[in-house]
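In: Dropping a prediction and its sequence here:
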Amino acid sequence: MVRKREIIDEIEDVYRNALEELALIKDADSIENWSRRYLGRKGKINSLFSVFAELSPEEKRQAGARLNEIKNELGNAYEKRKEKSGRKKGDKVSLLFPGKPCEVGYLHPVTIVTRKMTDIFAKMGFGIVTGPEIERDYYNFTALNIPDEHPSKDVWDTFYITEKEKILLRTHTSPVQIRIMEKVKPPLRVVAVGKCFRRDDVDATHSPVFHQMEGLMVDRDIKFSHLKGILTHFITQMFGDNTKVKFTPSFFPFTEPSAEVSMTCNICNGKGCSTCHDTGYIEVLGCGMVHPQVFRNVGYDVSRFTGFAFGMGIERLAIIKFGITDIRYFYQNDLRFIRQFS
Ligand SMILES: [Zn+2]
């Protein structure tokens with residue numbers, strides 16, 4: 001009889017513990033775990049059926065009936081608890097179901113081209129520098145040998161912030177060259193990058209805000225042939241080895257001699273098309289040997305040093321490289337446009 005009492009107590013203990021544990025469970029996985037431990041094939045309830053051996057047939061019947069009752073009640077409690085946790089019988093969580101995608105950012109084509117340009121010059125030993133966008137008239141014009149009567153100084157061409165002290169939004173990145181030369185003695189090899197501002201009406205090829213890259217190299221015995229070599233290497237690195245480069249005489253106040261640099265049109269490969277006006281060439285940048293007066297303005301000894309400078313519009317290079325038809329696309333913040341270049 002003692003054995004019977006023990007078995008009934010054990011059954012009731014398991015039942016009580018099972019209900020207490022189930023009440024404390026918070027998540028769906030723990031409910032499944034609980035079900036396995038109590039109601040599974042090797043669970044506690046099934047193992048209790050196997051301890052009836054010592055009981056008389058009548059005792060076995062009673063204990064068995066109670067155990068079956070408990071098994072059913074725990075089974076019902078399990079279904080109810082599972083329903084409350086939001087998962088129905090037979091439901092499975094698929095870990096393969098994709099999560100919410102992250103929005104990935106894209107580099108702006110002006111940034112892509114700027115990085116490519118600075119990479120090429122950095123490999124040739126050029127340092128990358130920047131300067132203020134709000135500039136003094138002296139750095140933007142006077143120190144660069146641009147005379148007072150020059151049309152670029154007109155209020156119709158330049159944004160002046162204060163007319164009296166002549167503070168303005170820089171019209172090119174060239175003032176950075178002056179600022180660097182005031183601080184650093186030759187030899188010197190730098191490119192300056194940044195925003196520039198001009199009073200241009202917005203159309204397919206003009207924007208009042210645009211980006212420029214400017215280069216400067218000063219040392220003993222720097223010749224025009226060095227300038228040609230550096231720029232030819234830059235253009236072929238940028239647009240491919242088969243690109244031909246042409247230097248045409250030109251004029252800038254801060255360089256002498258000066259040249260416009262053109263490259264074979266990358267749309268028609270030099271055969272002639274509407275983009276290159278049937279010439280086979282498109283203008284890319286302006287350059288020249290630094291005017292001695294510019295060196296004098298920063299205190300460089302013109303009998304010892306010579307140098308060259310060049311400047312180019314970054315949007316212009318991006319337009320040529322990617323075949324973009326309108327400069328306004330750069331600033332409209334349209335993701336359909338920006339996503340195309342990464
Ligand atoms: Zn062409």
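Out: Received, thanks.
In: quick one, phi psi at the nearest residue to Tyr139 once chain neighbours are set aside?
Out: Nearest non-adjacent residue to Tyr139, counting by Cβ to Cβ, 6 or more residues apart in numbering: Pro175, 3.7 Å away. To be clear about C-beta, it is placed using only N, CA and C from the backbone, and glycine gets the same treatment. Torsion angles at Pro175 (phi, psi; degrees, to the nearest 10) stand at phi -60, psi -20.
In: Thr306 versus Pro175, what's the distance?
Out: The gap separating Pro175 from Thr306 is 21 Å, by Cβ to Cβ, to the nearest Å.
In: my read: the residue nearest to Tyr139 touches Asp137, true?
Out: No - assessed by Cβ atoms under 8 Å, Pro175 is found out of contact with Asp137, at 9.8 Å.
In: Spatially central residue for the protein, please.
Out: In the chain, the C-alpha nearest the mean C-alpha coordinate belongs to Leu107, at 4.2 Å (Cα atoms, centre = their mean).
In: State whether that one is indeed within a strand.
Out: No - going by DSSP: H, G, I helix; E, B strand; the rest coil, the assignment for Leu107 is coil, not a strand.
In: Model confidence at the closest residue to it other than its chain neighbours, what's the number?
Out: The shortest distance from Leu107 to any non-neighbouring residue, by Cβ to Cβ, 6+ apart, is to Ser342 (5.5 Å). pLDDT for Ser342: 75.
In: Run through the residues that contact Ser342.
Out: By Cβ atoms under 8 Å, 6 or more residues apart in numbering, the residues touching Ser342 are 106-107, 112.
In: So for Pro175 and Asp137, which residue has more residues nearby?
Out: Set Pro175 next to Asp137 and count neighbours by other Cβ atoms under 10 Å: Pro175 wins out with 25 against 19.
In: Specify the beta-bridge partners of Phe210.
Out: Cys196 (DSSP bridges).
In: right, and it touches Glu315 too?
Out: Yes - between Phe210 and Glu315 there is a contact under Cβ under 8 Å: 5.3 Å.
In: list residues touching both of those two?
Out: Ile327.
In: And the residue of the stretch 51-200 of the chain closest to the ion?
Out: Val113 (19.9 Å; Cβ to the ion).
In: the helices in the chain, which residues?
Out: Secondary structure of the chain (DSSP state H): helices at 2-24, 28-39, 44-49, 57-84, 109-123, 137-140, 175-183, 224-239, 292-297, 314-322, 335-338.
In: so can I have CSV of the ones you listed showing mean pLDDT and distance to Thr205?
Out: Shown next, in CSV, are the helices of the chain (pLDDT from 0 to 100; distance: least, Cβ to Cβ, whole Å):
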stretch, mean pLDDT, distance to Thr205
helix 2-24, 84, 73
helix 28-39, 88, 63
helix 44-49, 85, 83
helix 57-84, 86, 68
helix 109-123, 96, 15
helix 137-140, 93, 23
helix 175-183, 96, 24
helix 224-239, 97, 19
helix 292-297, 95, 29
helix 314-322, 93, 8
helix 335-338, 90, 17
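In: Need those helices in CSV (columns: distance to Thr279).
Out: CSV is the format used below for those (distance: least, Cβ to Cβ, whole Å):
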stretch, distance to Thr279
helix 2-24, 84
helix 28-39, 73
helix 44-49, 91
helix 57-84, 78
helix 109-123, 24
helix 137-140, 33
helix 175-183, 31
helix 224-239, 17
helix 292-297, 32
helix 314-322, 14
helix 335-338, 29
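In: Find the residue closest to the residue of the stretch 51-200 of the chain closest to the ion in space, skipping its chain neighbours.
Out: Ala318 (4.3 Å).
In: Distance of that neighbour relative to the ion?
Out: Distance, Ala318 to the ion, by Cβ to the ion, to the nearest Å: 17 Å.
In: is it true that that residue touches Pro109?
Out: Yes - using Cβ under 8 Å, Ala318 is in contact with Pro109, at 4.9 Å.
In: Find residues that contact each of those two.
Out: In contact with both Ala318 and Pro109: 324, 330, using Cβ under 8 Å, 6+ apart.
In: Could you count how many residues lie near Phe295?
Out: Phe295 has 19 nearby residues by other Cβ under 10 Å.
In: Looks like it contacts Ser303 (just checking).
Out: No - assessed by Cβ under 8 Å, Phe295 is found out of contact with Ser303, at 10.0 Å.
In: if we can go back for a sec, tell me the contacts of the residue nearest to the centre of the chain?
Out: Listed by Cβ under 8 Å, 6+ apart, the contact set of Leu107 reads 115, 341-342.
In: Pipe those into TSV and attach distance to the ion per row.
Out: Listed next are those as TSV, based on distance: Cβ to the ion, whole Å:
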residue	distance to the ion
Arg115	27
Phe341	22
Ser342	27
